[in-house]
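A.B. asks: Here is my input; please provide its structure:
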Amino acid sequence: MNITGRCSIMIYENSMKNAEYPLKCAVMRGNLPFMNHCHQELEILMLRKGRLQVFYGNETYELLEGDVCIVPPFGSHEIGNGKPDCERLSVLLDLRLLGSRTKENQEELWIRKELEKKDLFSRHWEEAVREKVSEIVGKLYQEYSEKGYAWKLSVKALISELILAALREMPEREIGAQEKEVVQIRHILEYIALHYYKDITLQSCADEVGFNSTYLSRYFSSAMGITFQEYIKRLRIDRAKWLLITTEKLPVTEVCVQSGFRDIKTFNKLFKKECGMSPTEFRKSMLME
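C.D. replies: Residues are numbered from 1 along each chain as shown. Down below sits the predicted model:
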């Protein structure tokens, strides 16, 4: 029952956890890939120039100029290769911006589940829906950039309009048997993604998801094609590689800690075994390219 897709390692990003206003809009240029990750915010990608691959769930989307791809909160996704002249508008927004006051954010949870049922790739939408969403995203970016009078009120209205369009006007997607298996294991992967940099154990994960640890071990290996501990190790190595590439001045000792390794000696040994070079050598080789 191996249900692994193209990329089974998932990083949880929480850079907006303590943000005063959980919205980010940015124009991103270049074709640097972004490893498989998830976050609590809904993400909107609108390609303005070039070509770009986006991997979400079991789907691969080839974005062309004008295409939009929406990733629901906690959706595992990856930015693949694009053309060197690639330019995209990226919007990250927390559903809390809708201002729900329901107990335990039940409305946000409902919206998230409903969005997961939808086909969120613009090439599969009606032309009127594509135009509407593109206009909303453009206005969101404008309000965020200019921050004019009552801009936050405008942002709230635009987000509500976007979510309503998604729920009412976007088609539902087919969910195959394989994806149902993915849904079953997603809780496990989300727990790991949230705790991989701590002293996570098979038992702590089993306690979280309500499984017997022996059963979880067998189920995880069968579903993912890799043992629980090997998955944790690869996840930490992947995180370290990403930090080494994207944070030139972050000390290797801090990369070690932020990736979940207990000591630098173990980190160096495992990294060299996996990558064929030390973390420092890896960083230098990436900077030279």
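A.B. asks: From now on I want contacts and neighbour counts done on CA atoms only, so please keep to that.
C.D. replies: Will do.
A.B. asks: Endpoints of stretch 56-75, how far apart?
C.D. replies: Taking Cα to Cα, to the nearest Å, the span from the opening residue of stretch 56-75 to its closing residue is 7 Å.
A.B. asks: any idea of the mean pLDDT for that stretch?
C.D. replies: Here the mean pLDDT over stretch 56-75 is 88, rounded to a whole number.
A.B. asks: Check which residues of that stretch are buried.
C.D. replies: When neighbours are counted by 16 or more other Cα atoms under 10 Å, the buried residues of stretch 56-75 are found to be 56-58, 61-64, 66-75.
A.B. asks: what does stretch 129-146 give?
C.D. replies: Using 16+ other Cα under 10 Å as the burial criterion, the residues of stretch 129-146 that qualify are V129, R130, V133, S134, I136, V137, L140, Y141, E143, Y144.
A.B. asks: Surely the third one and L164 touch.
C.D. replies: No - the criterion here is Cα atoms under 8 Å, and V133 misses it with L164 at 10.6 Å.
A.B. asks: which residue packs closest to I159, ignoring adjacent ones?
C.D. replies: The shortest distance from I159 to any residue other than its chain neighbours is 7.2 Å, reached at L98 (Cα to Cα, 6 or more residues apart in numbering).
A.B. asks: Report the residue spans of this protein with pLDDT below the cut-off.
C.D. replies: Confidence mapping of the chain against pLDDT under 70 gives the ranges 1-20, 31-33, 35, 100-105, 175-184, 287-289.
A.B. asks: can you give me the strands in it?
C.D. replies: For the chain, strands defined by DSSP state E occupy the ranges 11-12, 23-29, 34-38, 42-49, 51-56, 59-64, 68-71, 77-82, 87-93.
A.B. asks: quick check: angle from the second one to strand 42-49?
C.D. replies: Using axes from the mean of the first three to the mean of the last three Cα atoms, to 10 degrees, the interaxial angle of strand 23-29 with respect to strand 42-49 works out to 30 degrees.
A.B. asks: Who does the residue lying closest to K24 once chain neighbours are set aside form a beta bridge with?
C.D. replies: Nearest in space to K24, with sequence neighbours left out and distances taken as Cα to Cα, 6+ apart, is L92 at 5.1 Å. Here L92 sits in beta bridges with K24, E43, as judged by DSSP bridges.
A.B. asks: Show the contacting residues for L92.
C.D. replies: Contact analysis of L92 by Cα atoms under 8 Å, 6 or more residues apart in numbering lists P22, L23, K24, C25, E41, L42, E43, I44.
A.B. asks: From the centre of the chain, give me the residue that's furthest out.
C.D. replies: Taking Cα atoms, centre = their mean as the measure, the residue most remote from the mean C-alpha position of the chain is Y149, 32.1 Å away.
A.B. asks: Nearest residue to the middle of this protein?
C.D. replies: The residue at the geometric middle of the chain, judged as the C-alpha nearest the mean C-alpha position with Cα atoms, centre = their mean, is C38 (2.6 Å).
A.B. asks: ok, that residue touching V71?
C.D. replies: No - counting by Cα under 8 Å, no contact exists between C38 and V71, whose distance comes to 9.2 Å.
A.B. asks: any idea how this protein splits into domains?
C.D. replies: As given by automatic domain parsing, the domain ranges for the chain are 11-169, 196-288.
A.B. asks: I188: which of those domains is closest?
C.D. replies: When the domains of the chain are compared by Cα to Cα, domain 196-288 sits nearest I188, at 6.7 Å.
A.B. asks: Show me where this structure has its helices.
C.D. replies: For the chain, applying DSSP state H gives helices covering 106-116, 127-146, 151-169, 177-195, 202-209, 213-224, 228-246, 252-258, 264-275, 279-288.
A.B. asks: any chance of these in TSV, with distance to R48 too?
C.D. replies: Written out in TSV, the entries for the helices of the chain read as follows (distance: least, Cα to Cα, whole Å):
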stretch	distance to R48
helix 106-116	24
helix 127-146	11
helix 151-169	19
helix 177-195	31
helix 202-209	41
helix 213-224	36
helix 228-246	24
helix 252-258	34
helix 264-275	35
helix 279-288	27
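A.B. asks: among these, which is nearest G30?
C.D. replies: Of all the helices of the chain, it is helix 228-246 that lies closest to G30, at 13.9 Å by Cα to Cα.
A.B. asks: re earlier: overlap in contacts of C38 and V71?
C.D. replies: Residues touching both C38 and V71 by Cα under 8 Å, 6+ apart: H77.
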